[in-house]
Each structure stands twice: as structure tokens, then as C-alpha cells.
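Novice: Mind folding the following:
(chains A and B)
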Amino acid sequence: MTENHNPRRTTKNAEKSARFIIPIAIFVSVLIIGSALNFTYPSALERDDTKLAEPVYKAAQTPLFGRAVQTEIPSQSLGKKANPDYKIAFPQDHGSHNDFDIEWWYLTANLDGDNGLEYDIQWTLFRFRIPSEEGKVWGNEHTFMAHASVHSGEQHWFTEKFARGGLGIAGVTKQSPFALYIDDWLWQNNLGQRGLLPADLDFSLKLIDPDKINQNVSPSDSSTLSLSLQLKNKGPYILQGDQGYSIKSGSASHASHYYSAPFIDVEGYVQMSGIDAVAVRVKGQAWFDQEWTSQLLDQNTLGWDWMSLHLDDGSKIMAFQMRLANQNDYITGTFIEADGSSQTLKGSDISLVALNNTRVGNKTFPLSWHLRIPHREIDITVESKKQDQWNPALFPYYEGAVNISGSHSGEGFLELTGY
Amino acid sequence: MPWPFIGVLFASYRHSKFSLAMLMSSLLIAAAGLSAVLIINDSAKQSYQSNEQFLIANVQNQIVSVDNTKALSRADYASLRRAGFTELVAVAQTRRHIYADGKRLTRRSIDHTGIDTFALYSQLSSPVALSASKEHQLAYEKQDENAVLLALDFGNVGSQNQAIIHPTLLDSLSAEAEELSGPRPIFTSADGRLLPKLYAHKNASLGNDIIMSMAALYGLYPETELSALLLIGDAPANRLDALKAALPSHLNLQSLNNSEQDSELTSSFHLNLMAMALLMFVVCLFIVVNAINLLMHTRMPWLKICRQLGIGRKQLMLVQLAEVGFLTLIACLIGIVLGLELAKLASPTVQATLENLYQVEVGYGQISLITLFLQVFGISLVGCITASLLPLQKLNQNLSSTKAVDEAKSQAFWHKMTWACFVVFAVIGIILLNFVQALWLLLIATACVILAGCCILLINYPLALRQIVKLIPKSLPLLRVSTKQSVSLSGKTKIACCAFFIAATSNIGMNLMVDSFRGATFSWLEQRLAADYYIYSNTALELDDIAKASDLVIHQRFENYTQFGKREIQQFSYPSTQRFQKAMSFYELAPQYSQENISELWHAFENANGILVNQQFAFGMGYEVNDKVSIPHPSTGKLSEYNILGIIYDFGNPSAQVLMPIRLFDPSTTSYFIYSIQGSEASIDRFTQSLLQNDIDIEKQIIETSELLRLSMQAFDDTFVITDGLNIVTLLVAALSLACAIVVIMNDVRPQNMLIRSLGVSAFKTQFLALFQYVLLCLVALIFATPFGILLAWVLITDINYQAFSWTYPLLISLAKIAKVYALSLCVVILVIIVPLIRAGKRPLINDIRQVN
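Specialist: This is a model prediction of the structure:
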């Protein structure tokens, strides 16, 4: 230091500088800290298009599921339409109708266990045709989805499965024996024939337990329920609607091919996994539906309420109601005598009225119904066996067992969508 | 209150720009370097400790094919799923380049991974009862990662496919594409197929890869094969046993255990990187010492006035210490931002290095900035305060009027202390190098070697300089004076010279190691690549007849993988023709063989009496020549006993490898993929023409040996880019440190300079002589650094490489390389100190005279 500095002047200057520098230093530090905290390594692209497309399960247009799929499959992919002149023939029509976009094989059963408990069962295989170039290389253009649900007392077991067709993981066999399969779930004709029935049905599913997530469906997991059932057909197949051509909308523009097997006797075992696992012998009756179409619901359809009922006198009823926007509801059904003869019910033949609405979680459902078929002297109340029979699937819907009281008694299944 | 003094401090900044700049730049370099390395290490480790495979959480096992003979098929997958093993999810991977507008964007091919998202959803779906959920909350909404994966398939009904990519990779691809083909580029495969729409998703396990649905991958690359079936979730032992029992013979259940294996494998890499960063950090601290010294020196008149005004010494010290802390804070904040950028720049190279060297997948990682800041600031603060203690203590002495320390006594004490330090460092170094195998202890040993060298330099510096003085003829009085001055200078620039010595030693050591490695790799490759051309193919090619017709000699090479001990080893075929015999590069021969009777070794090899193993096999599993090993026969799988005839060099290969004669391999069970071809260029042309006529298009797969060599060496050089960069930075930092010290000294030698200039010597000459002094100091430091650098290279090659990679190679002392380090170091020093020298040279003589007065 060679210059002669005046200490007083220096101090004054220094004070000035300090006043000036300190806020700058603080500002710079805050700026750096702020930018550093916002900075994550490596810098993310803050672009709008970097978010993955919303999965379809969140899309508002797909609330209707179960037996009433409302899809968004692009128009150019539309498959074959249901034909009123088509004559359903067995066993070939038990198989897959690959030209149609949507198809399902749907079984519901009300079983009694020798432990005194009731077991109400649903097992469904869905097929969707989604044509795409990519899909043809890995598998084929068909996607399979399966749902299995068991209610017993307060417990609910539920599992869903997905698989692409053409890989050997899921499908419907073309050769004998007839089989529906996805992973280790298997419906197979037990006589080695091409017919749907008699068949063995084996599947396992997991307990819905809020304390457990990502449960494996494996024999080692105590929450897994395995079922091994034998299905025997004790009556004829019933062609729904007009010889299997079933209209699904008020305007009659949407329809499907639809037949049922309502006279199935079921026997088998239900077994919980785990150390103290005991096989429970079960017995009861089941209802089977197969339906295929390319366009099931009209865009005006708000929802649908469907039921299949086994009356104690051996007769059966299928009834459904389409809830339509700005139109009267479309109600139809089928009455099936114990001997297998059936009658399609027009709107004027049947009355279906929801008796009350019940709040389950954050949803409200009509879980009690008044059904009348005056010319058959049927006046019954259909009431769900328990409130929460919601299938919490990727595409969720209500599917649960019901009790019947009134002029007749019995049990069956109720499906509610669009709530 | 310390405020008046703080004001003075700020005011003094105007007059100490240079020292402040030095202090800040060294702190910045230290913080930036340290944070870059911490980020690189942390993000790499995160990616393989994340226990995730392609974003799927909790994957601990996978099913893969046993070898290349029979691949994992869709039928295998379907039969296992139908047998009830529904926790298996198929993945397929293929490594491809990405194009836009027909132009290739990627330098390094990118892993395209397809996942069977349908199977994944079936497994991950965890329904919640409606009555139990307060809101309409679905299972997949709870798990972000799963939702991201599931949206790949369930989100794109009727729309373009989607794929997930790390934002950094997408950034770089977009930037590259925009440069080549303008804004909004469309990414395609080589044959022009549209890539799925890329969505950025930040996840530590994502690296150089793109994740998509299986359908999307097969849509792009229909010929891809399944890579593995991932086993999701915690599988109990009985479930694993059941799965093993259900597996067909060509499939194998593997435990992934990624975190342990990978971090163990790559720990040496991370340790090396960390060691380099700490070295740089330490050298930076040397500058900090010098810069603070310089700062104190500049401030001395002010500080004395402050003392006269009654400000206590303690307060002066504390405020200045706080000032150092504040400057460190600012430097760390900016340094971290720089470090992040540096890490971003370096991460592709680091990823490529790790992936090539260790075959591990490396993601980008997500860094907690608060943790990073705390780490960097903590280390820097401790370092800076430690570094400030010495200059502040000196200042304290200067400010107190008493001179309590006897200079001569103190010098004698420090001389003894230096000797003691040398002995301690040398003993620790020798013990560690001879008796220790842990890599971190070996790195400490390396540090001991360098520090012992430092002590030797400090002890011998004045002696060496005095000897130089004697060498200068009396006819050059100015040079003699200047040299003598450098003796006293050496006493004042000890710390800076030590920093320079450390930088120079590590530079020489690293350079010699890399050079030896490069030389060894090159000669090994040159020798091993005995054929003229090579064909690399994934499929078997029927080339023999065509090759014969084209006048070519063709050798097929067979590859097989087998279990030995608990490790997987490679079995390779090796032709024993004369040309290939010459091509073999041995590290060690069994004692009964020498170069004279090498044909006997080949005879034994040909008769399958013995095998050759690579260094990785021998060092990694503790075998020596003439040991007997029982390994499965390459085609029958039967255990047979073989004698180890020799150990061969096999650089860059992380696997243990055994070479066996061709006839032991059965072409039907082994996959061939390399063909070596001997013949002229004309024959090769004829050969490719004939192949084309036979509908075999392998033109792109034929590689000329010189091209292969060039590519290999290019890959080699790329691996050491970071090492080179750190070396130069270290050297620069050391030179800066020296420059700081020199600026302080320049003030001290003003009287002498004034005297010389008064005698009529020009300012230019004076400054030139000053430059000579400093260069002389550096030169002596370099001379001392040379043997220690060579010693360091030897330690790195024989100990560090041996332990880290299971290979070693001969040390190659290249004088040219050492001369290059000398030249580079001196250039850097001259460049750095030339600025203060020129400034001093421009100062009028009267200033110096005034100061003396």
C-alpha cells in the first residue's frame, strides 16, 4: 500500500459501500439459493406436452361397464354389427366371434358352503378387438380382461387380469376341448368336447384388504382364495331377445347377440390359502351369459340396471333397464319356466322400480327393487345381500348377489352401471 | 460492535481485487468440482440402488435364458403364466440409434425397453373397497410410478403410442434433432418407423433408455427377442423353489440383487473419481491459503490502523474468519450450480464408461440440493477455516508488536518435523501397499506416497537450488543473483510449491498410467487382432464354402457361458494356427514353457490338456499357472480338469475368461458370432459379392482390423476424458496457487528489484529474471515430482488396477509423456504468473523507491 489514505474518509466510504454491498450480497444469495432450490438435477423439461396422456380409466366417457360396455374405440375400427337374421348355433357360437369388437363370457353363481356360509361368485372373461399395426407383432389385435369376485359374509375377494391375445396367455380355444383362459384361470369342458358345458372352472383371487397393497395372487399368500368348481347344465340355452338378437337401446339401433345358460348346477371347493387352510365344499346354482357385438350402448344411455334371478320354484328371470337421457327408460327381460320354455318380456309386460337409494362410500345405488310381471303373477322385491358389492376394477361397476322376497323367493345377481 | 470494521473490510475490496478473485475462483473450482463428482457418484449409485427395473419397483429376481443356444420365448412366458406364475412380467430390450429426418441423432445407441404392461397391471392392481375409500380413490392413482407405466398401454387406446424417457435424454435428443432437422422433430427408427410419443419422466433408474409397451417396441422392432421375465414382489423361498422346478432347462432364475453387486462392482470407479475430486479440492485449499495470505498482506496497513483505533485483535480475526465463511457460502452456492452443469455435461461420458466397463445400467438420478449444499458447504467451510488459520495466525503475529518466535529455532523445528512427517508417510505407505488389499486403504497409501514426496521436496528444495547456483558461471551475475534469490523464495512459497508438486506428481503418475494402459491395450489389440477382417453377427452364417472360393481363410469363434465356482465365466474358442499363436499376448507362461518352446504349449492346448485364462480369471479367483481347474466341457457340460498353461492379457473385459481349442465346441449348441478372416482386399470384395449372390448381406458387419483397432482405441480414449480434464484443472489450480504466492513475494522483493533497476537494468530484464526464478522453482519441483510420479504410476498399475479391475500391465515410462507434462505445467505457470509480472514491470521505479522509504 503506497497511497496515503485518510482513515476517516475510508471509513465513510466503507460504510457507504457496506450499505450498498450488503443488500446486493443478500439479494444475490437469495437469488442463487432460490434458483438452486428450484433447480433439480438434471433440469426437467417444463413443457405441457411432457405429461403422459390421461389413461382411459379416468376418461369420463367410460363409466358404463359390466354387461354394458360403452367404448371409445375409434369409428374406423368398428367391427361387425349384430345381425337380426343371424341364427345362433352351438357349439360354434360358444367360441370367440373375432369380427366383433366386444364379447364376454359371464358367470354368476349363488353357492352355499358346508361351513354354513354363502359364497356368491362372479367370473367373467371379456374380449376387446383394438386393431393396430403394433398389436399385430406382439400378440394379436385382441385384448382380454377377466374379473373374478367372491362375496362371503363381510369379505370380498376380487381380482382382475389383462392379457393380449395371440400370446398363449389368454384366449378361447377353437379346438376341443372348449376352454376360456387367462393366465391360470381356466374354464374347460371336462368331457373334452367343444361344448361350453359341462365344465371345470378353476381360478384364484385375492381378498380386498385396505391394509395390504400389491398382494400377490399366489398359493403362498394367505389372502388368496382358490376355487375349483364343476359346472353342469341342467336345462336348455336360452336365446335372449328375438332369437338371440337383443336390442339395447330405446331407438333399437344398438343390439347384440346374446344367449344364456340359466340352469347350471355348481359343485366344488373353495379354499383359502395359508397354514390353517381348509377346503369348503360348495353347492348351488349359476347363470351364464355370452354376448357379442361391436356397438352396445348408445351415447344417450346414462346407465343400466340388470338382474338375473333364480326363483325357488325353478323358474328364472332376466330383466334390465336402460336409463336414457331425455327419453323414457327402456325395460325388457325374459321369463324362463322351470322346464326351459321362455318368453321375452316387453316393456308393457314388466315393471321394474327402484325402491330406495343407498349410500356406499361416495356413491349412491338403488339396492332394492320392486319387480312385477303381472301376467305371471310375479310381484317380488329384489334386495342386495350386502351394500358394498362394488367391483373396484380398472373399469369399475356394481355386481352383487341379491335375495328375493314377495310372491316368490330366491336369489340371484344384480348389476348396476353408470352410478 | 464490529460494523465499522466490516465497513472497512468491504471498502478494502476495491484494492484487493486480485487476491479476492483468486480466493473466489479457487473456492468456486473446489466447490464446483466437488459437487460435480458428488452428483455423478450419487446419481449413478441411486440408479442401481433403487431396486427398480425399468421403473418397476421391487424386482429381485428374473428369469433369463441359460445361454444363447435357446432364447427365452413367448411360449415359455405363456406356459409359466398359465402355470400360475403370474408375478412374471416379460421385458424385451434392444439397443438402437434414434433418427430424425433420416439423420442419426445418437452417438451412443439407446436401450429401447418394452414391458408387458397388461401383465404388470394384473400384478400391481390393488383394489380398494368402495365403502373403505372416502373419496373415489382408485388403486392406480396411489402409485405414481405404476400409473406412469400403466398409462403406456391403457392410456393410448386409439392414439399414438407413448414411451417414457428421462428429461435429460429427451432434452439432448430434442436439441440434437432441432439442430439437424429443425423445430418439432419427429423421432424415428433407422428404417423410418415412428417412435412412440416421448414423455419426460424423472426417475433415478432411467438412464440411456426409453421405456414403452411391448406392443410399441415390437411395432418398431419386430425381430426383438424377449430379454427376461421379471419376478415382481417379495417371493418366499418355497415360491422360488416351485418356480425353479417349473422352469424348462434352457431358462434360469437369477437373483438381481442389483444394489449390492453393482455398487460393489463400481465402487472402484466412484472411489477413483472421489479421490480425484478431493485431490483437486486439497490443491484448491492451497490456493485459499495463499490467496488469504495475499489478502492479509494487502490489508495490512488498514488492519494496523484499525488496531491503532482500538479494535481488538480478536475481533479483527473473528470478523475476517466470518468473512471467509461468507465468501465460502457464496462460492458454494455458485459452485453447486456450476457443478450441476458440469455433471450434466459429464454424465453421458460417465454413463457410457460405467456401462461399458461394468455393464451396469446407469440412470440420471435425482439429487437433493439441500443435502448436496450441506455436504459441499460443510466440507468447504471446514477446509477454508483450516486453510485460513495459518495466514490468520501469521497476521496475528504481525499485529502484535512482540516478536516472540525465534526464526532460526522455528526453522530447525520445522525441518525436523518435515523429516518426521516423511518417515511417517513413507512407513504408512509401504505398510499399506504391501499388506493391504482394500481399495480405499490403497488410495490412502497413494496419498502417503505423494505426501512423502512433498516432505522430500521441502527438505531438499534449498539444497537443490544452491547446487544450481553453483552451476551458473560467474560471468552471468544477474542470473546468479536471480537464482540465489530463488533460494530465499523457496522458503516463502513452500505451500504453493507443495501444491504444484502434488499436482505435478499426480499428473505425471496418471499420465504414465494411462499411457502404459493405452500402450498395453494397443499392442495387445494389435497382436490379438491377427486376422485382416472380422465379421460380427448375431446369427450363424454359412460362410466356409464361399470363403474358400474367394481365397480367404475364415475362422469361427465360439462363445459359451458357464458357471465356475459361484461366478459366471466365458468360454471362448481360440484358433491355434501359426498366425493366431503369434497373436497371443501372454502375461505369464507356465514355467516349463518359454518363447523358445512355445509350440509345446500350443500342442498341449490343441490336445485339450490345458487352457489359457485371462488375468481377470487368475487374479479374481486366485489361480496361478500350472494350477488345475475343473470346468464344464463347452459342449457336453461335463466337468473336466484342465491345466492352466498361461495367463493372458484381456484388457477392458470385466468377465473371467477361459480360452479353449475350437474342437471342444459343438457348433449346434454354441452360438458363433465372430468370424475372423484372413485375405487381401480383393478377396474380401469377391467374398462380399459372393455373399450377396447367396442373399447374405453382411457388408455392414465386416470390419477391417485397422478400423476395429481405431474404434477400440477411440473407446479407450473416451474413457479417460474425465481423468484428463481433472488433471488439467488440478494443474491450473496449482499454478494459480503459485501465482498468489508470487504476488505476495513480489512486494517483499521490491527493495532488491529497485536496487537492480537502479544499477541500470531495464524493467523488462528485471521481470524476465523474476520469471526465470519462478520457472526455476517450478522446474525443480517438477524434477522432484518425476520419480514420485513414476512411483505413483507403478502403485496405480500394480496395486489399484489389480484390486479394482483384476488386471495389470507393464509400466511404460515414456520420456515424451513426461516432457509433455513438464511443458504443459511450465506453460500453465508462465501463463498464470505473466499477468502480475507485467503489471509489476509497468510500475514506475519511483513507487518501489517510495515503498522502501
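
Novice: buried set for stretch A:177-184?
Specialist: Residues A:178, A:179, A:180, A:181, A:182, A:183, A:184 are the ones in stretch A:177-184 that count as buried (16 or more other C-beta atoms under 10 Å in any protein chain shown). Any C-beta I mention is one placed from the backbone N, CA and C, and that applies to glycine too.

Novice: My guess is the fifth one contacts residue A:146. True?
Specialist: The reference is to residue A:182. Yes - counting by C-beta atoms under 8 Å, residue A:146 is a contact partner of residue A:182 at 4.5 Å.

Novice: Give the residues shared as contacts by these two.
Specialist: The contact sets of residue A:182 and residue A:146 overlap at A:125, A:161, A:170 (C-beta atoms under 8 Å, 6 or more residues apart in numbering or on different chains).

Novice: What is the burial count for the first one?
Specialist: Just to be clear, that refers to residue A:125. 25 (other C-beta atoms under 10 Å in any protein chain shown).

Novice: That one contacts residue A:143, correct?
Specialist: No - between residue A:125 and residue A:143 no contact is recorded; they are 11.5 Å apart, counting by C-beta under 8 Å.

Novice: Show the pLDDT at residue 201.
Specialist: Assuming you mean chain A. With respect to pLDDT, residue A:201 has a value of 96.

Novice: Actually, chain B is the one I wanted.
Specialist: Residue B:201 is assigned a pLDDT of 79 by the prediction.

Novice: With residue A:212 instead?
Specialist: 47.

Novice: do the same with residue B:846
Specialist: Predicted confidence (pLDDT) for residue B:846: 68.

Novice: next one: residue A:12
Specialist: Reported pLDDT for residue A:12: 41.

Novice: Residue A:400 belongs to a strand?
Specialist: Yes - counting by DSSP: H, G, I helix; E, B strand; the rest coil, residue A:400 is part of a strand.

Novice: got a list of what it touches?
Specialist: Shown in contact with residue A:400 (C-beta under 8 Å, 6+ apart): A:120, A:151, A:384, A:385, A:386, A:389, A:390, A:413, A:414.

Novice: Tell me how far it lies from chain B.
Specialist: Relative to chain B, residue A:400 is positioned 11 Å away (criterion: C-beta to the nearest C-beta, to the nearest Å).

Novice: Sheet-wise, list the partners of the lengthiest strand in chain A with their directions.
Specialist: In chain A, with assignment by DSSP state E, the single longest strand is strand A:255-272. Here strand A:255-272 is paired, per DSSP bridges, with strand A:224-233 (antiparallel), strand A:238-239 (antiparallel), strand A:245-247 (antiparallel), strand A:279-293 (antiparallel).

Novice: give me the element the closest residue to residue A:327 other than its chain neighbours is part of.
Specialist: Leaving aside its sequence neighbours, residue A:327 sits nearest to residue A:250 (C-beta to C-beta, 6 or more residues apart in numbering or on different chains; 5.0 Å). Using DSSP states H and E, residue A:250 sits within no helix or strand.

Novice: Please tell me I have it right and residue B:317 contacts residue B:394.
Specialist: No - using C-beta under 8 Å, residue B:317 is not in contact with residue B:394; the gap is 11.4 Å.

Novice: any idea how far the residue of the stretch 351-500 of chain B found nearest chain A is from residue B:28?
Specialist: Distances between the stretch 351-500 of chain B and chain A by C-beta to the nearest C-beta are smallest at residue B:367, namely 4.3 Å. Residue B:367 sits 19 Å away from residue B:28 when distances are taken as C-beta to C-beta, to the nearest Å.
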